[in-house]
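Engineer: Next input, structure requested:
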Amino acid sequence: MKKRIIFFIVMASLIYSGLFAQSPPKNGIGFLDAIPVTLSAGQSSFTDTRNTSEPAYGQYRYFSPRTGSYEITDGCAVYYRLQTTASGDIRIHNWDSETAFTTLFLVAPLHPGDESEWGYNSDAMYTVAMFDRGDTYDFDEAGIPEYASHGAAYLHIPNLPAGTYFLIAAGYKGSNGSVRNGKIKTTIIADLSSGIPEEPDMKPEEINTCPIQYQYDQSGNRIKTIKTK
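Structural biologist: Next comes the predicted model:
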């Protein structure tokens, strides 16, 4: 009897643990382990810092229009999984990073919904926007702070449709004093549509001065003609 009671207690504890167990946090070491980011309608922002010097991180393989061939990032990469619930304006940067030179890749699945148990890979993606080595941008338009490195990546994607995307950030050695791996701070700023159209401007009704007016029933049939003086 005592053994039976102990058995039921153990089984109950295992079932309880299974029901309330939480998934381990994501660290961004690949597509399957991408850090989840949900951007809802309206204005929102997200900031995260990861140290790519840690041994778990690896390089990212991508097609570079700059060289016309497949390349791998100089430094190790951090992966984020973006879910946008509405279309809108997205800005992404690495301005506050320890790595002075970074690259950014915003990609999307070629076939959404066909993700295997091992997750996606780079061959199953197409590039939406990228900031590759040697790329630049309008610093004044972006509003980059004075202290930030001009080698830190920046992307501005207007009218990005709602959907699932992956963001990959990686550093590179752009000068003698820079490092390819280290703390990369990624900031995402979103201004997404609410999906509700604005109300049209309503003009005040004009006074009906017609000498003949009509009265209709609920079915739209004319039932009475009224002559006004």
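
Engineer: can you give me the helices for the chain?
Structural biologist: 2-20, 139-142 (DSSP state H).

Engineer: how much space is there between Ile72 and Tyr172?
Structural biologist: Distance of Ile72 to Tyr172, computed by Cβ to Cβ, to the nearest Å: 11 Å. Using the backbone N, CA and C atoms, a C-beta is placed for each residue, glycine as well.

Engineer: Hmm, I typed the wrong one, I wanted Asp96.
Structural biologist: 17 Å.

Engineer: Just give me the neighbour total for Pro158.
Structural biologist: 10 (other Cβ atoms under 10 Å).

Engineer: The residue nearest to it when sequence neighbours are not counted bridge partners, please.
Structural biologist: Leaving out its chain neighbours, the residue that sits closest to Pro158 by Cβ to Cβ, 6 or more residues apart in numbering is Asp89, at 5.2 Å. When assigned by DSSP bridges, Asp89 has beta-bridge partners Asp191.

Engineer: how close does the residue lying closest to Phe46 once chain neighbours are set aside sit to Leu167?
Structural biologist: Nearest residue to Phe46, sequence neighbours excluded (Cβ to Cβ, 6+ apart): Ile188, at 4.4 Å. The gap separating Ile188 from Leu167 is 7 Å, by Cβ to Cβ.

Engineer: Mind listing the shared neighbours of those two?
Structural biologist: Counting by Cβ atoms under 8 Å, 6 or more residues apart in numbering, the contacts common to Ile188 and Leu167 are Val37, Tyr80, Leu82, Ile92.

Engineer: least reliable of the helices of the chain going by mean pLDDT?
Structural biologist: Among the helices of the chain, helix 2-20 has the lowest mean pLDDT, at a mean of 47.

Engineer: quick one on the thing from earlier: comparing Ile72 and Tyr172, which residue is more hemmed in?
Structural biologist: Legend: neighbour count by other Cβ under 10 Å for Ile72 and Tyr172, higher for Tyr172 (21 against 14).

Engineer: Quick one, grab the pLDDT at the residue most central in space within the chain.
Structural biologist: Nearest to the geometric centre of the chain sits Leu82, at 3.3 Å (Cα atoms, centre = their mean). Each residue has a pLDDT score; the one for Leu82 is 95.

Engineer: so how far does stretch 97-114 reach from one end to the other?
Structural biologist: 34 Å (Cα to Cα, to the nearest Å).

Engineer: Just give me the neighbour total for the residue lying closest to Arg180 once chain neighbours are set aside.
Structural biologist: Of all residues not flanking Arg180 in the chain, Gly75 sits nearest, at 3.6 Å (Cβ to Cβ, 6+ apart). Gly75 is flanked by 26 other residues according to other Cβ under 10 Å.

Engineer: and if you look at Thr49?
Structural biologist: Neighbours of Thr49 (other Cβ under 10 Å): 14.

Engineer: Next, find the distance separating the closest residue to it other than its chain neighbours from Gly75.
Structural biologist: Nearest residue to Thr49, sequence neighbours excluded (Cβ to Cβ, 6+ apart): Lys185, at 4.4 Å. With distances taken as Cβ to Cβ, Lys185 is found 14 Å from Gly75.

Engineer: picking that back up, surely the residue nearest to the centre of the chain is in contact with Val37?
Structural biologist: Yes: proximity of Leu82 to Val37 meets the contact threshold set by Cβ atoms under 8 Å, at 5.0 Å.
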